[in-house]
Structures are given as structure tokens and as C-alpha cells.
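Engineer: next input, structure requested:
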Amino acid sequence: MTIETYYNFVKIIECGNILAAAQELMIAQPALSTQLKNLETNLGVKLVDRSAKKISLTPAGEIFYKKAQAICALDTSMHEELQNYMHGIAGTLKISMTPSNPPSLLHFMFDSFVEAHPNVNFEFHEALSPQIAENVRTGISEIGITRSPMRNVDDLHLIPFRTEEIKVIVSTSHPLAQYDSVTLEQIKNEPIATTDVIAPRITQAFQSINCEPNFYLRTAFKRTALFWISTYKNCVTLLPCTEDELALEPPECKILRITDYDFSVKRSIIFMKNRKLSPIAREFLQGIDIPCDFPDI
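Structural biologist: Next up is the predicted model:
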């Protein structure tokens, strides 16, 4: 079985049918169809269910597809590493991250790296944490940057690198804007706008004072919650949010610390166990003081 077989199988599944895959690969359709049949014969299992319009994976095909993706990602990484060895670090750094990132975080992660490696390009995939983990598993991205708690990540290295405090954010016309800090007791009756990933932490906090939070708006993205308080002014937002991030939101809002509860979340770097990191990824992680001395990478 050649490496081309893995690439071609992945392409068939991505395209959804053999004709489209053959056109992208510039291979004759009968030859690609024969290759797929021979692959199933050699493995002794049926990998796909064929219909007139679309190919779908069997349970065995699901297993093979994920492994084929990993093999292709490793092959690509190997060639990139060899090229980097010969010509210096160049290529593309592939990262998945959440859509809302404060400028201070982006400056911290990328300023020195961009200056030191002008021949490196970037491919960002913005998604929620479960999709970020899946992107890393399938090789779409080498590195993920996530902020919510992660489950079922035994196959991933997960390294916290930045702690962010959850704070109360209000419009400057809100009665609470007269304060610099508040307690949970002060906001327990306030309508709350927040994101789905932060909502469980808020519920846990309010249970410490024997009440349930009054969720007025729950959304997937931080920007929507910030828009709501800055526009309608009838609620408060509980989010991890920095001053430079808030400055992007008109009109002005105010950030208040919560003084009676340890309210923080951690941003974490994730990458696959038992998968070699490219030199580009290693350089990036070392630049933000993430260890790259794991024996399996």
C-alpha cells in the first residue's frame, strides 16, 4: 500500500464521490475506482457504501479514514521538516483557535515569531473548542488554542499557559458602573449575557451563594454578548475579557472585578500525542515558553 493510496482515499471521502475526487487528483475515474476496490480487497473489509450520488463511510471506513488522515498529515510534516532542514524554517503554521482573542494575546503569541520567521505563512481555523480538538486530531491544524474545559482528551497534550479572570462587564450607563468591583450577591438578580462555554462556570459560582443565575442571553460567541450589553444596556455580561479587547466595542463599557469568588479560566495549548511536530510548530511553542521535550513528539 503506497502513501498515494492514503491520499487518494482521503480525497474521495472529502469530495463525496469518486468522479469529483478523480477530477481533483487528475486521475481517470476507472483507475481511482479500481484502486478503492483493491484497497478494500487487500484490507478484507468494506470501507465505503456506494450510491449513485455520494459515497459514505462504513464503521471500518471511519477507522481507516481517521488513520489515513493522520498518515497523510505525518507525511506532509516529514516533507516540510526536510525542506526546513535544507532551506531554513519556512512554510505554513496551521493553528485552530477560538474566534475571540484579545490583541494582547495575539501580540504575546506572534510578535516575536513573525519578526524572527518572515518566510512562515499562517493558516488559522477559528472554531469552538470541540471543533478545535477535532481539527488537531485530523491534522487540519497542528496546534489548538482553547479556553474552555476539555473532555475526552487523553490523545492530546493539553498545556495551560494563560489564566484569565472572568469579570462583570456593564455599559457605562448601568447602575453598577459606579463601582470598580462587585460581589456575586450584588449581581445575583441581574440578567446575564454570556457564552455557552462560560455558562457552567457561572452556574457553579452562583450555587456557592445558593442561587441560580438569571441567564438572559447565551450565545456561542463573546462578541455577541458584548454587543448586547453595549447596545441594549439591560443586562450584565460575565466573560473573560481584557481592557484592550473591550476597547474594540462601541460604545464604552466598564469592567468590574468579582471580589468574593475565584473566577478564572485557563487558555491551553493542545497538540497530538504520538505525532511529530513540525519545526515551525516547535519554534512557535518554544517562543511562548511551551515545552517541546515530550518524547512522543
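Engineer: after the strand or helix carrying Gln69, next one along is what?
Structural biologist: Take DSSP states H and E as the rule and Gln69 turns out to sit in helix 59-87. Next along the chain after helix 59-87, taking DSSP H and E as the criterion, comes strand 91-97.
Engineer: what helices or strands is the helix holding Gln69 leaning on?
Structural biologist: Counting by 3 or more Cβ pairs under 8 Å, 6 or more residues apart in numbering; DSSP states H and E, the packing neighbours recorded for helix 59-87 are helix 3-15, strand 91-97, helix 129-138, helix 279-287. C-beta here means a position set from N, CA and C on the backbone, and glycine is covered the same way.
Engineer: mean neighbour count and mean pLDDT added to those, as JSON lines?
Structural biologist: As requested, the helices and strands packed on helix 59-87 are arranged in JSON lines below (neighbours: other Cβ atoms under 10 Å; pLDDT from 0 to 100):
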{"stretch": "helix 3-15", "mean neighbour count": "18", "mean pLDDT": "90"}
{"stretch": "strand 91-97", "mean neighbour count": "21", "mean pLDDT": "91"}
{"stretch": "helix 129-138", "mean neighbour count": "20", "mean pLDDT": "90"}
{"stretch": "helix 279-287", "mean neighbour count": "20", "mean pLDDT": "90"}
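Engineer: which strand in the protein has the most residues?
Structural biologist: When the chain is scanned for its longest strand (criterion: DSSP state E), the result is strand 156-171.
Engineer: report the distance from that one to the chain centre.
Structural biologist: From the chain centre to the centre of strand 156-171 is a distance of 15 Å (Cα atoms, centre = their mean, to the nearest Å).
Engineer: partner strands of that strand and their direction?
Structural biologist: Paired strands of strand 156-171, with direction, are strand 236-240 (antiparallel), strand 253-258 (antiparallel), strand 264-272 (antiparallel) (DSSP bridges).
Engineer: quick one: residues contacting Leu176.
Structural biologist: 168, 170, 182, 186-187, 190, 236, 256 (Cβ atoms under 8 Å, 6 or more residues apart in numbering).
Engineer: low-confidence ranges in the stretch 101-250 of the chain?
Structural biologist: Residue ranges of the stretch 101-250 of the chain with pLDDT under 70: 148-149, 242-250.
Engineer: quick one: the helices in it?
Structural biologist: Along the stretch 101-250 of the chain, the stretches classed as helices by DSSP state H, counting those that start in this stretch are 103-116, 129-138, 184-187, 199-207, 222-232, 243-246.
Engineer: right, and those helices - which one's nearest Ala60?
Structural biologist: helix 129-138 (17.8 Å; Cβ to Cβ).
Engineer: CA atoms of that closest one as PDB?
Structural biologist: Below are the C-alpha coordinates for helix 129-138, written out as PDB (Å, rounded to 0.1, in the frame of the first residue of the first chain):
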ATOM      1  CA  SER A 129     -13.300  24.100  21.500                       C
ATOM      2  CA  PRO A 130     -14.700  20.700  20.400                       C
ATOM      3  CA  GLN A 131     -14.000  21.500  16.800                       C
ATOM      4  CA  ILE A 132     -10.600  22.800  17.600                       C
ATOM      5  CA  ALA A 133      -9.700  19.500  19.200                       C
ATOM      6  CA  GLU A 134     -11.100  17.600  16.200                       C
ATOM      7  CA  ASN A 135      -9.000  19.800  13.800                       C
ATOM      8  CA  VAL A 136      -5.900  18.900  15.700                       C
ATOM      9  CA  ARG A 137      -6.800  15.200  15.700                       C
ATOM     10  CA  THR A 138      -7.400  15.100  12.000                       C
END
